[in-house]
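[1] Here is my input; please provide its structure:
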Amino acid sequence: MAAAPGGWRAAGGRRRRAGGEAAGAGAVLRRLREARDDLLSSGFWEASAGAVRAPLGSSAEPPAHCVCYGLGRFSVCPAARHQLAFLLLLLEELGVPPGRCALFDPAFSAQEADALRELGLRLLPENEEGKHDVEGSATLFYMVHCGKALYNNLLWRNWSAGALAKMVIIGNSFKGIEERLLSRILERDYSYIAKVLKGTEEVALPTHPRYLDTFNDTSIHWFPLQKLKELSPEVWEFMEEPMYQDCDDLEIIRKEDRTDRHSPAATES
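    Purely as a prediction, here's the structure:
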């Protein structure tokens with residue numbers, strides 16, 4: 001991706017497909033540039049950038065990679081398009097190359113996958129169910145409006161003080177999850193969210209009348225190593241993989257619930 005004053009362009013050297021797919025991806029990119037302009041002109045991005053810098057002070061390691069889950073159908077959904085534009089501005093702000101940002105949503109169409117590749121972004125080859133190992137690299141996870149199980153799975157996969165300290169999560173407020181769920185449900189179904197709450201720092205994105213639905217209940221979360229070390233040893237002993245057998249409202253698409261990302265349904269322009 002090349003960032004220019006007028007907006008984003010397709011990554012250089014990338015061959016365009018002939019016919020309708022190329023034209024369709026071009027239309028999506030045009031709408032994406034419009035969404036970027038909206039974020040910048042509204043002042044929302046400028047205010048949000050300050051909140052995002054909070055976990056990236058002198059003591060924090062800047063992210064080297066980014067993973068995005070659950071973006072949705074950004075070719076047809078304005079909210080998803082603004083969320084993607086926000087992510088691209090975020091990568092620029094943090095100096096993360098597009099090639100180090102990987103995305104997955106089983107709902108992505110072929111047209112949307114093409115547009116993401118045009119921007120230089122990567123597509124994850126399979127549904128990880130949120131179980132992405134940071135593997136020692138500081139990683140930003142962008143998970144706006146994702147289901148609770150995705151956050152819980154991500155925490156489980158990286159359940160150590162050293163790994164969690166390398167993560168920043170932009171997504172549904174953990175405080176909000178705690179407030180909305182009965183304690184017994186939170187501890188039974190989403191135990192890793194419950195256990196990490198006392199080791200979490202959280203700053204909410206600013207509210208803006210134009211984006212009340214797009215970024216509502218969205219916070220930046222990070223896990224200072226010192227706070228994690230203050231948790232009781234028992235917190236780290238239980239590391240069983242979440243199964244959600246008793247969960248009635250599981251907000252996650254499992255691996256076995258495969259959706260064809262390259263369905264012919266994506267012919268929007």
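
[2] ok but F108 is inside a helix, no?
    No. Judged by DSSP: H, G, I helix; E, B strand; the rest coil, F108 forms no part of a helix; its state is coil.

[3] Looks like it contacts N127 (just checking).
    No. Under the criterion of CB atoms under 8 Å, F108 is not in contact with N127, lying 11.5 Å apart. C-beta: built from backbone N, CA, C; applies to glycine.

[4] More neighbours: which of those two?
    Using other CB atoms under 10 Å, the more surrounded residue of F108 and N127 is F108, with 24 against 20.

[5] ok, the more buried one - contacts?
    By CB atoms under 8 Å, 6 or more residues apart in numbering, the residues touching F108 are 71, 73, 116, 123, 261.

[6] Pull the number of nearby residues for the first one.
    Translated: L71. 24.

[7] That one contacts H82, correct?
    No. L71 lies out of contact with H82 (CB under 8 Å); the separation is 10.7 Å.

[8] measure stretch 115-131 end to end?
    One end of stretch 115-131 to the other measures 25 Å (CA to CA, to the nearest Å).

[9] What average pLDDT does that stretch get?
    Across stretch 115-131, the average pLDDT comes to 95.

[10] buried sites along that stretch?
    115-122, 127-130 (16 or more other CB atoms under 10 Å).

[11] Okay, and which of those residues map to strands?
    Among the buried residues of stretch 115-131, the members found in strands (DSSP state E) are R122.

[12] export the buried residues of stretch 115-131 to TSV and tack on distance to K148?
    Listed next are the buried residues of stretch 115-131 as TSV, based on distance: CB to CB, whole Å:
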residue	distance to K148
A115	29
L116	26
R117	30
E118	32
L119	29
G120	31
L121	26
R122	26
N127	17
E128	16
E129	13
G130	10
